[in-house]
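Q: give me a model of this one.
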Amino acid sequence: MRQIFKQPLTWMVVGEILVVATLAALAWHVVSGANGRPDLPLVLSQPASSPEDTAAPDLSPDVLVPPGSTSAPLLPGLNVDPAFWRSRLAGLNQAEAQVEALEWRIVHSAMETVQRYVDSVVVPAVERAEGRRA
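A: Numbers count the residues shown, from 1 in each chain. Down below sits the predicted model:
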């Protein structure tokens with residue numbers, strides 16, 4: 001049992017467990033304190049509203065058309081023009097394809113580097129070590 005506590009790997013594992021436990025406790029404290037005072041229940045009061053406050057805004061076409069414009073009125077909400085979304089999504093797809101190509105190059109470069117390291121450093125070291133024992 002004493003041999004286990006003399007090895008540095010044991011202390012590294014214990015230290016890592018302490019760091020993770022501390023971070024988890026800190027995260028729990030931050031999340032639980034997000035409401036301000038976690039010991040009090042969240043109660044929202046209903047404000048007194050008058051009919052003027054709840055009335056819908058004036059959306060008549062003469063209000064929505066900019067002065068000097070002969071086009072259709074601008075209604076609030078989501079843009080439903082297919083050309084608008086087609087151009088936005090095409091740009092998004094192109095950017096995503098570029099990111100995927102970059103990721104692919106990074107991963108394959110890392111794989112080739114690891115393979116070269118294993119072939120040039122690790123395998124000869126293992127062969128030398130096995131050759132000395134035999």
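
Q: mind listing the helices in the protein by residue range?
A: 2-6, 8-32, 51-54, 61-64, 82-117, 123-133 (DSSP state H).

Q: as a markdown table, those with mean neighbour count and mean pLDDT would be great.
A: (Each C-beta comes from the backbone N, C-alpha and C, glycine too.) Formatted as a markdown table, these follow (neighbours: other Cβ atoms under 10 Å; pLDDT from 0 to 100):
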| stretch | mean neighbour count | mean pLDDT |
| --- | --- | --- |
| helix 2-6 | 7 | 72 |
| helix 8-32 | 10 | 91 |
| helix 51-54 | 7 | 57 |
| helix 61-64 | 10 | 52 |
| helix 82-117 | 10 | 93 |
| helix 123-133 | 9 | 84 |
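
Q: please parse this structure into its domains.
A: Listed by automatic domain parsing, the domain ranges of the chain are 1-33, 82-134.

Q: distance of residue 127 from residue 121?
A: 11 Å (Cβ to Cβ, to the nearest Å).

Q: with residue 16 instead?
A: For residue 16, the distance to residue 121 - Cβ to Cβ - is 27 Å.

Q: contacting residues for residue 28?
A: Not one residue lies near residue 28 by Cβ atoms under 8 Å, 6 or more residues apart in numbering.

Q: for it, give its distance to residue 22.
A: In terms of Cβ to Cβ, residue 28 sits 11 Å off from residue 22.
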